[in-house]
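1. I would like to see how this sequence folds:
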Amino acid sequence: MADVAERFLRKGRKVYLEGALQTRKWTDQSGQERFTTEVIVERFRGELVLLDSRADNEGGQSNQHPQQREQPRQQVGYGQQSNGWGGSSDLDDSIPF
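-> Next up, the predicted model:
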């Protein structure tokens, strides 16, 4: 998977990465303790997905606002009430007094 990442990923590319988190601790040359957290992507246990197309990042342009799919809206006509689940409500809410 590292060879795929090396070939296709560049700074600014959008990716989805799934794997296990691993934190390491070491002592640097000056004697200070250092920590790092890495995402470990193992074969058959992790995932790497390119989220933008190659054309999106060519020419130095980066898409700052991801495209959103517009959800279809249900039209509710006169005299109908939406029950929130896509159907109409047949309840009679009038109080009998």
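
2. can we go C-alpha only for contacts and neighbour counts from here?
-> OK.

3. just the endpoints, please. Distance across stretch 33-51?
-> Terminal residues of stretch 33-51 are spaced 36 Å apart (CA to CA, to the nearest Å).

4. residue boundaries of the strands in the protein?
-> Using DSSP state E, the strands assigned to the chain run over residues 15-18, 20-27, 33-40, 47-50.

5. ok, Leu17 - how many residues close by?
-> For Leu17, the count of nearby residues is 13 (other CA atoms under 10 Å).

6. what's in contact with stretch 12-29?
-> Residues from elsewhere that reach stretch 12-29 (CA atoms under 8 Å, 6 or more residues apart in numbering): 33-42, 45-52, 57, 62.

7. any weak-confidence spans in this structure?
-> Along the chain, the parts satisfying pLDDT under 70 run over 54-97.

8. if we use 50, what do you get?
-> Low-confidence segments of the chain, defined by pLDDT under 50, are located at 59-85.

9. longest helix in it, by residue count?
-> Counting by DSSP state H, the longest helix found in the chain is helix 2-8.

10. sorry, back to before: and the strands of the chain as TSV, adding distance to Val4?
-> Output for the strands of the chain, formatted as TSV (distance: least, CA to CA, whole Å):
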stretch	distance to Val4
strand 15-18	12
strand 20-27	19
strand 33-40	15
strand 47-50	9
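
11. of all the ones you listed, which one is nearest Glu6?
-> Nearest to Glu6 among those is strand 47-50; the distance by CA to CA comes to 11.9 Å.

12. buried residues, the closest one. List them.
-> Judged by neighbour count using 16 or more other CA atoms under 10 Å, strand 47-50 contains no buried positions.
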